[in-house]
Structure formats: C-alpha cells, structure tokens
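>>> what's the 3D shape of this:
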Amino acid sequence: MEWNAESIIDFKAFHHQESAVPQSILSADLRIIWHNRAFQELFRLEEEVCDEHIGRFAAFSGSDQRSLFHQLNDPDTGYSFSGRGESQFQHHSKLYTDVLIIPLLSKDQEEAIGGYCAYFHDVSADYKQNLKAIFSGLLQASLMKDNDTGQHIERVNQYSALMAEELYRSGTILEVNLDFVENISFLAAMHDVGKIGIPDDLLNKEGPLEDWEWEIMKTHTLNGAYILASYPDSMAVEIARSHHERWDGSGYPYGLLGSMIPLSARIVTIADVYDALRTKRSYKDEMSHAQAKELILLGKETQFDPDLVELFKDLEPDFERIYAEMVDRPSSRTQTLPTELD
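Sure, this is the predicted structure:
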C-alpha cells in the first residue's frame with residue numbers, strides 16, 4: 001500500500017499538526033510524506049522536504065546504522081526501530097535525537113507494511129552533558145599526575161575557542177561550524193590527558209630528561225589518542241595525538257607536515273604554547289605577554305600554521321586579557337616539563 005493524500009488526511013486525524021511531539025509519515029523506502037510543525041522546528045527546516053530520505057535528518061551510525069533495516073524487517077521487533085540519530089548543521093549545534101519508527105499497516109492486508117510513522121525526541125543537552133561529565137573525570141585524573149593547574153587548561157580552552165570563533169565568523173573554512181567551536185572549547189583541555197600513562201618519576205623529574213626518557217614522554221600523544229578514541233567526535237583524538245606536530249614537519253609523533261596536521265590541533269598548539277610561555281615553572285620565570293607574543297611570531301611557518309599566527313596577531317590583546325583574568329594563584333605544585341619553545 002502506498003500512502004496517498006486521502007490516507008494522510010485520515011492519519012492526521014490522529015496525529016495533529018500542532019502536536020508537541022516531532023513526527024513524520026514515511027513511505028516504505030523511508031522517504032518523508034508528511035511531517036508536523038514540531039518536526040519542522042526541531043530540524044530547523046525552511047524549505048519543503050517531502051520525498052527526502054529520513055537519513056538526511058537523523059543520520060544513524062555504528063550499531064544503530066547496522067540495525068536500522070534489520071529491525072524494520074524483523075517480526076520479533078514488530079517491524080519497528082529504536083535508536084539514536086544525529087543531524088549536522090553549519091550554523092547550529094549538532095542535534096541528537098532518540099528515534100522511534102513504527103510500521104503503518106495496510107487496511108486491506110494487516111501484515112502488509114505501507115509505510116512508517118517516525119517520532120523524535122531531542123536528547124542533545126543531556127547527551128552532551130553526560131559525555132562531558134565522563135571525560136571530565138579522565139581530565140581530573142590526568143591533572144593529579146601532571147601538576148598542571150585547572151586554570152591552565154581552562155585558559156587553553158578559552159584561547160582555542162577564541163580563535164575558532166573568529167574563524168567561524170570569517171566563514172572562510174567550511175570545517176569550522178558551531179560544533180567545531182563548541183567542541184574545541186571543551187576538548188582543548190584534554191590535549192595532555194595521555195600523560196596519565198607516563199610514569200610519575202618522569203613527570204615529576206627535576207631538570208631535563210634523558211633522550212630515552214624524552215622518547216617515553218612523547219608517547220603521551222598516542223596514549224591520549226587511545227584514551228579518547230571512544231569520544232564521538234574525532235576532534236578529541238586529533239588534538240591529543242597531534243598537538244605536538246609542527247608546521248615544518250619536525251614534530252611528533254608522526255612528523256605531519258603543514259595542513260596534514262588537523263586544524264583543531266594547530267589551534268591548540270598555539271594556545272598551549274602561549275600559556276606555557278606566560279606561566280612560571282620550576283625551571284623558568286614567567287614571560288610577559290610581549291615576550292610570549294614575540295616567540296609565537298618567530299614560530300610562524302616552523303612550529304605554527306602561518307595563517308593561525310596571523311589570526312593570533314589580531315587576537316593577541318584577548319589572549320593577554322584571558323591570562324590576566326585567570327592567572328594562577330600561588331601554589332606549591334610545580335610543572336617540570338618544558339614546552340618546545342621554552
């Protein structure tokens with residue numbers, strides 16, 4: 001049975017346009033025939049979407065993607081599907097929805113599926129909050145070993161978000177959407193989470209590391225990528241693994257060159273190095289903003305992405321302001337590991 005105008009009118013007698021629950025009628029091949037106003041508002045629709053596949057609005061991945069057609073063709077599930085969908089927007093944050101798809105049976109043949117009704121529930125806020133809570137626990141565990149302060153990682157978050165927001169406003173890089181800005185403002189802090197796997201005697205060693213010790217220290221990038229592999233956005237792994245890569249290809253762990261380095265990692269590299277230069281360590285005094293700025297500019301085309309250095313030049317008063325507003329309070333904890341420019 002194919003749905004026609006008469007069938008839809010009959011269905012809408014039970015599913016009112018003004019229902020607060022986002023819903024749509026789907027054809028047997030999962031194309032939208034009708035949707036209510038709540039559906040339109042949820043997915044921020046401005047144009048007609050009839051005959052569009054439901055996957056455009058609720059993309060399924062992983063086990064949900066594999067089980068979608070299996071469930072819809074399985075009598076044990078009642079030919080129904082329940083799973084988690086994702087929707088990506090350029091100018092809005094990613095949307096996560098719990099999706100329920102149930103069959104609409106033919107009036108003439110009770111077992112013949114003529115189409116489906118799909119219901120959607122926005123779980124974005126809860127999903128993101130729970131995700132951040134889980135990974136924030138990992139971050140706090142790593143800080144107990146690394147001796148970095150919470151102020152340091154929060155400043156790195158803010159510098160990174162500042163640069164990403166400016167790139168988003170410029171509209172020059174399609175990759176930088178609102179999700180990119182939101183994610184980097186949290187994930188930048190996770191760049192050194194892999195140090196949780198480095199022996200304490202290396203992390204807390206006074207003075208310079210031996211060559212063999214430094215090789216072990218470098219593995220914190222791969223450790224971090226492994227730890228964050230379950231994070232649903234690839235940015236987490238990119239930052240942890242590549243924030244010590246250098247624009248000229250002389251960094252680690254893989255010696256990536258130029259734009260081969262993920263953009264998120266290139267941003268965090270500048271943010272992390274700037275803050276390390278400004279901060280007092282056991283082996284050095286803190287630098288002024290002017291001194292740190294000079295070293296960042298000297299690193300153009302060697303350590304840092306030249307375009308991002310130009311962006312830093314435009315934003316450096318904001319870097320100085322963020323550091324001043326969130327300067328570390330005196331603490332007995334010290335950091336003994338230099339950054340590349342220290």
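>>> without its sequence neighbours, what residue ends up closest to Pro253?
Thr221 (5.0 Å; Cβ to Cβ, 6 or more residues apart in numbering). In this view, the C-beta of every residue, glycine as well, is placed from N, C-alpha and C.
>>> err, Lys94, not the other one
Closest to Lys94 by Cβ to Cβ, 6+ apart is Asp179, at 4.8 Å.
>>> circling back: what's next to the helix or strand harbouring the residue nearest to Pro253, contact-wise?
Element membership for Thr221 (DSSP states H and E) is helix 220-227. With contacts defined as Cβ atoms under 8 Å, 6 or more residues apart in numbering, helix 220-227 is touched by 138, 190-198, 237, 240-244, 252-253.
>>> rewinding a little: now the element after the helix or strand containing the residue nearest to Lys94, going C-ward?
Asp179 is located in helix 178-187, with elements delineated by DSSP H and E. Counting by DSSP H and E, the element after helix 178-187 in chain order, helix or strand, is helix 200-203.
>>> centroid-nearest residue for this structure?
Geometric centre of the chain, nearest residue: Asn183, 3.8 Å, by Cα atoms, centre = their mean.
>>> wait, doesn't that one sit right on Ser234?
No - applying Cβ atoms under 8 Å as the test, Asn183 and Ser234 come out as separate, 9.7 Å apart.
>>> ranges for the strands of the chain?
23-27, 32-35, 81-87, 95-105, 113-122 (DSSP state E).
>>> dump those to CSV, plus distance to Arg266.
Shown next, in CSV, are these (distance: least, Cβ to Cβ, whole Å):
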stretch, distance to Arg266
strand 23-27, 41
strand 32-35, 40
strand 81-87, 26
strand 95-105, 28
strand 113-122, 33
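>>> among those strands, which comes closest to Glu215?
Closest approach to Glu215 among those (Cβ to Cβ): strand 81-87, 39.2 Å.
>>> just to check, Ala240 is in contact with Ala189?
No - counting by Cβ under 8 Å, Ala240 does not reach Ala189; the two are 10.8 Å apart.
>>> could I get the full set of helices for the stretch 201-342 of the chain?
All helices of the stretch 201-342 of the chain, identified by DSSP state H, counting those that start in this stretch, fall at 211-218, 220-227, 235-242, 263-278, 289-298, 306-325.
>>> got a markdown table for these, with distance to Glu47 and mean pLDDT too?
Below are those laid out as a markdown table (distance: least, Cβ to Cβ, whole Å; pLDDT from 0 to 100):
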| stretch | distance to Glu47 | mean pLDDT |
| --- | --- | --- |
| helix 211-218 | 50 | 94 |
| helix 220-227 | 40 | 95 |
| helix 235-242 | 30 | 96 |
| helix 263-278 | 30 | 97 |
| helix 289-298 | 45 | 97 |
| helix 306-325 | 34 | 97 |
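>>> nearest to Asp122, out of those?
Closest to Asp122 of the helices of the stretch 201-342 of the chain is helix 235-242 (Cβ to Cβ; 22.5 Å).
>>> dump the C-alpha coordinates for the closest one into CSV.
Presented in CSV, the C-alpha positions along helix 235-242 are these (Å, rounded to 0.1, in the frame of the first residue of the first chain):
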residue,chain,number,x,y,z
MET,A,235,38.5,16.2,17.2
ALA,A,236,39.3,14.6,20.6
VAL,A,237,41.7,12.2,19.1
GLU,A,238,43.1,14.8,16.7
ILE,A,239,44.1,17.2,19.5
ALA,A,240,45.5,14.6,21.8
ARG,A,241,47.6,12.9,19.0
SER,A,242,48.7,16.0,17.0
